[in-house]
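*Asks:* build the 3D model from these lines:
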Amino acid sequence: MPMKTRCFMMRYLAVFILVALVLSFQTAIAARQKNGEEALGRRLAKQAVKGSKRWSTTDHSKIDALNQNFTSGEEITKACLSCHLKAATQFHKTIHWTWLASGDKKDMRYGKAGYSVNNFCISGNAMQDKGCLKCHTSWNKKGTQGEVNCLKCHNSSGFNFIEAFEDIKAFSEDTDPDTKGMVLDIQEEIKEAVHQVTFPKRKNCGECHFKGGGGDGVKHGDLDTSLTKPNRMLDVHMGTDGKNFSCTRCHTTVDHHIAGRIYTNPAVETRKSLIEDDLAPKITCVSCHSSEPHKTDSKMNDHTNVVSCQACHIPKFARVNPTKMWWDWSKAGKMKDGKPYHVEGPYGKHTYKSIKGEFRWEKNVIPEYFWFNGSLKSTTADDVIDPGQIVKVSQPVGNKNDPEARIFPFKIHRGKQPYDKVNNKLVAPMLSGEHGYWTTFDMNDAIKHGNKAIGLPYSGEFDYVETTYAFPITHMVAPKENALTCKECHIRKNSRLANITGLYLPGRDKSNLFDTIGWLSVLGALAGVLLHGLGRFFTRNGKEE
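*Replies:* Numbers count the residues shown, from 1 in each chain. Got it, this is the predicted structure:
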């Protein structure tokens, strides 16, 4: 066989083998996809929550202590503690009871019952503001001086026990004999409701956490009543047509301490998965999905040491109900005909109330992004501020050099709130009650009594300062098909990560050095191809002969 013919056949045999290899590889990929291959993180997550159905060994309706005629909430608690002997002792040490971040009750630096303030309802005034205490886990708004209300978290009936006990008290004082039968009827309703003891459900948690800050969706943006019974399009984990997780599926609990609370401590101390450590607090995405959640060799797995899962998988928050984005206390106190008034705006929400000031609400909000290592830095009522600058009451901690930090989505709530002009400190006005602003419309007097409640001095002179407050966005996880695409960040104009500076982001950033290297590579490759082609052209005839 002539040499020329042999070379020709060898070339086409090599091409044939290459094409066959490519086709076989594509066929294998297609077969794996057809067989439903999942990303590693999805398979691991299914293992982590396997067998999540709860079971019980107790029928509370058969317990004698829960079948008596109750006349107060404290009596119900006493009945609960007759079996659950350590429950109250454990709960008294938790932040849900003390409203203080530290285990030391004398340390008031951080917590709603301490020096912590915010730019929506401002302060809990050491539990002396009764308006805030409707969310405390005690009976009758008594704070830590009362008894633990076990049913606030552990009852699924939805029964209004407070109203029922008020009715019993009123009817008991009535001399009409017919009211005695009404009292007995109410007590039977109470017993029936008391028997419905359960692990905390979304509605139990949401009664406070969905409505914190003064109403539905005021605070977080990713927590509101739309999550009571969401579909998977709103949240893939909590959707009733999906995984239907309760809050406690991720917010695990030991001795009534619930994982995930942040003041200065990180939401989680470790990024270990349940596979590495089955006792790790199940509070991060990594805990179930691992640090390589996507399919093998996926470029997206290279992002997880820099970008949080939430950054891509929660493209917007407040997708059903609006959330409050601006609250201006300096506008509060206006009257119409000498009386307080309110103005209703878009979404059926107030944009002005005499007792609170001016608001702005938004829906389908694009988050703001910051480096975040799981901790927040707070400005308290005992910290000196610069009133000439926007005061960051709460801000994320982290930077690009922090190995624990990731680019994370936030709701930034903005507003104006009062501060002490002489001491240059934020203040904690009392809002409800006899000396509360909502009663007196006297901000100076409200600050005087509020600061006294938390034990901090007040000069008697105040003004208003603009502030921001950061909320990490971790709920309302969208289905994977609705996750962000690459171009939403890797784009020159309107990149979501426009404020993440100090690093080169391909597609977003212009670099003369990288551009020069890139163009030199392109021109070099083009020159190489041209030279090769010219060489082949001029040497072709000689070789053929």
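
*Asks:* pLDDT weak spots in this protein?
*Replies:* When residues are selected by pLDDT under 70, those of the chain lie in 1-37, 48-54, 263-282, 540-545.

*Asks:* would you map the helices across it?
*Replies:* With DSSP state H applied, the chain shows helices at 3-34, 40-48, 73-81, 87-91, 95-98, 151-154, 161-172, 178-194, 202-209, 285-289, 309-313, 437-440, 443-454, 512-544, listed in chain order.

*Asks:* where exactly do the strands run in the protein?
*Replies:* Along the chain, counting by DSSP state E, strands occupy 253-254, 257-258, 323-328, 342-344, 350-353, 357-362, 368-372, 376-378, 391-396, 406-420, 425-426, 462-472.

*Asks:* distance from the last one to the middle of the chain?
*Replies:* Averaging C-alpha positions (Cα atoms, centre = their mean, to the nearest Å) puts strand 462-472 19 Å from its chain's average.

*Asks:* same question for the first one.
*Replies:* A distance of 19 Å separates the C-alpha centroid of strand 253-254 from that of its chain, computed with Cα atoms, centre = their mean.

*Asks:* and the longest one, by the same measure?
*Replies:* Relative to its chain's centre, strand 406-420 lies at 14 Å (Cα atoms, centre = their mean).

*Asks:* report the buried residues of it.
*Replies:* Within strand 406-420, the residues that count as buried by 16 or more other Cβ atoms under 10 Å are 406-413, 415-420. For glycine as for every other residue, the C-beta is placed from the backbone atoms N, C-alpha and C.

*Asks:* dump the C-alpha coordinates for that strand into CSV.
*Replies:* The C-alpha trace of strand 406-420 is given here as CSV (Å, rounded to 0.1, in the frame of the first residue of the first chain):
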residue,chain,number,x,y,z
ARG,A,406,-19.5,34.0,52.2
ILE,A,407,-21.3,36.5,50.0
PHE,A,408,-24.8,36.5,51.6
PRO,A,409,-28.2,38.2,50.8
PHE,A,410,-29.7,40.7,53.2
LYS,A,411,-32.7,42.8,53.7
ILE,A,412,-31.5,46.3,54.8
HIS,A,413,-34.3,48.1,56.7
ARG,A,414,-33.7,51.9,56.7
GLY,A,415,-35.3,54.6,58.7
LYS,A,416,-34.9,57.5,61.2
GLN,A,417,-35.0,57.1,65.0
PRO,A,418,-34.4,59.2,68.0
TYR,A,419,-31.0,59.7,69.7
ASP,A,420,-29.6,61.6,72.6
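
*Asks:* counting contacts, what elements does it pack onto?
*Replies:* Applying 3 or more Cβ pairs under 8 Å, 6 or more residues apart in numbering; DSSP states H and E, we find strand 406-420 packed against helix 309-313, strand 323-328, strand 368-372, strand 391-396, strand 425-426, helix 443-454, strand 462-472.

*Asks:* now with 10 Å, please.
*Replies:* Strand 406-420 is packed against helix 309-313, strand 323-328, strand 357-362, strand 368-372, strand 391-396, strand 425-426, helix 443-454, strand 462-472, with contacts defined by 3 or more Cβ pairs under 10 Å, 6 or more residues apart in numbering; DSSP states H and E.

*Asks:* point out the most buried one among the ones you listed.
*Replies:* strand 425-426 (a mean of 26; mean count of other Cβ atoms under 10 Å).

*Asks:* what packs against that one?
*Replies:* For strand 425-426, the helices and strands in contact under the criterion 3+ Cβ pairs under 10 Å, 6+ apart are strand 406-420.

*Asks:* let's see that with 6 Å instead.
*Replies:* The contact analysis (3 or more Cβ pairs under 6 Å, 6 or more residues apart in numbering; DSSP states H and E) places strand 425-426 against no helix or strand.

*Asks:* before we move on, back to that, to Cys132, which of the helices of the chain lies closest?
*Replies:* Using Cβ to Cβ as the criterion, the shortest distance between Cys132 and the helices of the chain is 10.4 Å, found for helix 202-209.

*Asks:* indicate which one of the helices and strands packed on strand 406-420 is closest to Thr77.
*Replies:* Ranking the helices and strands packed on strand 406-420 by their distance to Thr77 (criterion: Cβ to Cβ) puts helix 443-454 first, at 26.4 Å.

*Asks:* which residues touch the closest one?
*Replies:* The contact list for helix 443-454, computed with Cβ atoms under 6 Å, 6 or more residues apart in numbering, reads 125-126, 128, 427-430, 435, 437, 458, 462.

*Asks:* just give the closest residue to Phe441, not the sequence neighbours.
*Replies:* Closest residue to Phe441 in three dimensions, ignoring its sequence neighbours and counting by Cβ to Cβ, 6 or more residues apart in numbering: Gly333, at 5.3 Å.

*Asks:* one step back: neighbour-wise, which of the contacts of helix 443-454 leads?
*Replies:* Per-residue neighbour counts (other Cβ atoms under 10 Å) across the contacts of helix 443-454 peak at Ala428, which has 30 neighbours.

*Asks:* so what's that residue up against?
*Replies:* Contacts for Ala428 (Cβ under 6 Å, 6+ apart) come out as 117, 123, 125, 381, 450-451, 454.

*Asks:* now for Ala311: which residues touch it?
*Replies:* The neighbours of Ala311, taking Cβ under 6 Å, 6+ apart as the test, are 407, 409.

*Asks:* how close does it get to Asn67?
*Replies:* Here the distance between Ala311 and Asn67 works out to 52 Å (Cβ to Cβ, to the nearest Å).

*Asks:* give me the neighbour count for Thr144.
*Replies:* Neighbouring residues of Thr144 were enumerated by other Cβ under 10 Å; the total is 16.

*Asks:* now do the end-to-end distance for stretch 186-206.
*Replies:* 26 Å (Cα to Cα, to the nearest Å).

*Asks:* the nearest residue to Tyr115 once chain neighbours are set aside pairs with what?
*Replies:* Residue nearest to Tyr115 in three dimensions, not counting chain neighbours: Thr380, with 3.9 Å by Cβ to Cβ, 6+ apart. Beta-bridge partners recorded for Thr380 (DSSP bridges): Ser116.

*Asks:* the chain should start at 31 in everything you say after this.
*Replies:* Right, with 31 as the first residue, what we last looked at is Thr410.

*Asks:* and for Thr410, the neighbour number?
*Replies:* Applying other Cβ under 10 Å, we find 20 residues neighbouring Thr410.

*Asks:* what about Asp246, how many residues nearby?
*Replies:* Other residues within reach of Asp246, judged by other Cβ under 10 Å, total 19.

*Asks:* pull out the buried residues from stretch 88-99.
*Replies:* Within stretch 88-99, the residues that qualify as buried by neighbour count (16+ other Cβ under 10 Å) are 90, 93, 96.

*Asks:* relative to Asn474, how far out is the nearest residue to Leu533 once chain neighbours are set aside?
*Replies:* Closest residue to Leu533 apart from its sequence neighbours, by Cβ to Cβ, 6+ apart: Lys430 at 5.5 Å. Distance of Lys430 to Asn474, computed by Cβ to Cβ: 45 Å.
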